[in-house]
Structures are given as C-alpha cells and as structure tokens.
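Peer 1: dropping a prediction and its sequence here:
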Amino acid sequence: MKTSDLLLRVLRNSSLMMLISPLALLALWQLAVVAGFVSLDSFTSPVQVLHALLEIAVEGNTALRGSLASHIWASLQEVSLGFACAAAIGVPLGLLMGWSPIARNILDPVVELLRPIPPTAWVAISLLLLGLGLQQKVFVVFVGTVSPILITTLDGVSGVDRILLKVARTHNATQLDTIRKVFLPALLPSILTSFRVGIGMGWMVVVAAELIAAEAGLGFLLMQAYRIFRMDVMVAVMLIIGLLAFLMDRGMREVQRALLHWQERT
C-alpha cells in the first residue's frame, strides 16, 4: 500500500484521528516550549500541566478547597439538571409555537425580548433570589440553554414538509396523532442537534457562573488556581472541562445515531 493511501485512510478514520489530533497538538506545544517560542515565565508546558493534573486528581491541594472529583460532580449536576429543564420546556414550547399561530403571537415577543440577554447577566439576580447553591447554577444553565433548543424546535416545525401534513389529513389523523407520528419524527434530527448545542452552551454558562460566584465546581476550581497563581492547574482544569463536554457530546451523538438509524439507510 502506498504511503499516500495509508495516510488518507488514517485521516478518514475518525476514531484514530480523535486520538492523534490532540496528541499532535500537545507535541507541537511541547516543541514550542523546548524551542523557546513559549516562555515558561508567562505560560506553561504540557509536562507541567500533566503534573498539575496528577496533583489535583491524586495528591490534592488544600488551597483549591475540595477534591477534583467533588468539583467535577458539582459542575456535572448543574449542567445536567439545567439542560434537562431546558429540554423539558424548550421542546414543548417550540412545538406549541410552531403548531399554533395564536401561541406564537403571544409567546414570540417574550422569547425575542429575553433571548438576547446574556445568561451571565442573570447571575446577580439569581444569586439574590436563589442564593449561592445548586438551584442558582441550574437556573443560569437553564436560561442559557433553553433558547437554542426552543428556536431550533420552532424552526424545525416551520420546515416540516407540508405534504406529510396533507397525507395525515387525508387519513383523518387527529392533531395529537399528527404531532406524535408526523411532527416529532420529522423534528427529531433538529431537536437532537439542538441538544448537542445546548450541552456545549451549558458548559460555557456554568463555568462563567462558577467563576463569578460559587463554592464548588470546575469554574470555582479555575478561579482558585488563578488566586494562587497556578497557570498549570488552570490549563489542566480547562482541559478537563473540554474533555467532559466532549464526552457528553459524543454520548449525544451515539443517542442520535441510535434514534436516527433510519437516516443511514436513505
């Protein structure tokens, strides 16, 4: 086999590239440090980040206030619960607004008024209303993720093939049957995609909220590392956040593949 053909096969192998790409980036980073392009006085190196990761995961650091597992668990709870609430409200509201012109006329001005407000702008209000705890972070994540889910669902309803609706009416289908057997299957791809976007947004929002005010979580851990001037720990925590978000996204992709297996046959 030619070298070019082998290289092409490697590049087309998503599972293999999932491992090679990050390792290549880390190698380039380390080479830049060794060559002197990156100064350890102002930044850090992959080796130092690895040592910092082992320190916070195994040895612990009292200045960081809590174990790595406890901070990960706190952020996972906040993202998961906030996202679940956003999905439970965003999808039905999107369906309702797309199905009923009256509901859309009533709710659309409220949605468009609140949607542009950054989720972090709600942090101060939520702190006053809910205090410093799980409920407050769940609320902020909900605010940050409900809009993309709702808007995507609403746009998906508008994009449903009208021929499918005519066929349903021809067979005397009720509105409930039309929603359950026509709308939901047609909307499922866009809804699942919005879930993936929502999960990524949820992580961005929760870390920002934890940076501002928190007693636990990866954003709080990031701020604690900043306070003790540990650049290596900060980068290690950022990599952990990226890895967790990546794993959740991969899990959602697998769910999407399982539920939409019929698409691969068409």
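Peer 2: Received, thanks.
Peer 1: now do the helices in this protein.
Peer 2: 3-12, 14-35, 46-54, 68-99, 101-114, 123-130, 134-158, 162-170, 175-178, 184-212, 218-227, 231-259 (DSSP state H).
Peer 1: could you give me the buried positions within the last one?
Peer 2: The neighbour-count criterion (16 or more other CB atoms under 10 Å) identifies 231-237, 239-241, 244-245, 248-249, 252, 256 as the buried residues of helix 231-259. All C-beta spots, glycine's among them, are computed from the backbone N, C-alpha and C.
Peer 1: nearest to Arg169 among these?
Peer 2: Gln256 (29.9 Å; CB to CB).
Peer 1: count the neighbours of the closest residue to that closest one other than its chain neighbours for me.
Peer 2: The spatially closest residue to Gln256, leaving aside those adjacent along the chain, is Leu192, at 4.5 Å (CB to CB, 6 or more residues apart in numbering). Other residues within reach of Leu192, judged by other CB atoms under 10 Å, total 17.
Peer 1: just so I know, which of the helices of the chain lies nearest Asn61?
Peer 2: helix 231-259 (7.6 Å).
Peer 1: for that closest one, packing partners?
Peer 2: Applying 3 or more CB pairs under 8 Å, 6 or more residues apart in numbering; DSSP states H and E, we find helix 231-259 packed against helix 46-54, helix 68-99, helix 184-212, helix 218-227.
Peer 1: one step back: any figure for the gap between the residue nearest to Gln256 and Leu130?
Peer 2: 30 Å (CB to CB, to the nearest Å).
Peer 1: need the contact list for the residue nearest to Gln256.
Peer 2: Met252, Val255, Gln256, Leu259, Leu260 (CB atoms under 8 Å, 6 or more residues apart in numbering).
Peer 1: please repeat the previous calculation with a cut-off of 10 Å.
Peer 2: Thr152, Met252, Arg253, Val255, Gln256, Arg257, Leu259, Leu260 (CB atoms under 10 Å, 6 or more residues apart in numbering).
Peer 1: surely the fifth one and Ser194 touch.
Peer 2: It stands for Gln256. No - in this structure, Gln256 is not within contact of Ser194 by CB atoms under 10 Å, at 11.1 Å.
Peer 1: what about the residue nearest to Gln256, distance to Phe83?
Peer 2: Counting by CB to CB, the gap from Leu192 to Phe83 is 13 Å.
Peer 1: quick one, domains of the chain?
Peer 2: 1-43, 44-265 (automatic domain parsing).
Peer 1: can I get the ones you listed in a markdown table with mean pLDDT?
Peer 2: Formatted as a markdown table, the domains of the chain follow (pLDDT from 0 to 100):
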| stretch | mean pLDDT |
| --- | --- |
| domain 1-43 | 75 |
| domain 44-265 | 86 |
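Peer 1: deepest-packed of those domains, please.
Peer 2: Greatest average neighbour count among those goes to domain 44-265 (a mean of 17), per mean count of other CB atoms under 10 Å.
Peer 1: any idea how far it is from the chain center?
Peer 2: In terms of CA atoms, centre = their mean, to the nearest Å, the centre of domain 44-265 is set 5 Å apart from its chain centre.
Peer 1: among the contacts of Leu192, which pair sits farthest apart?
Peer 2: Top of the distance list for the contacts of Leu192 (CB to CB): Thr152 and Arg257, 18.7 Å.
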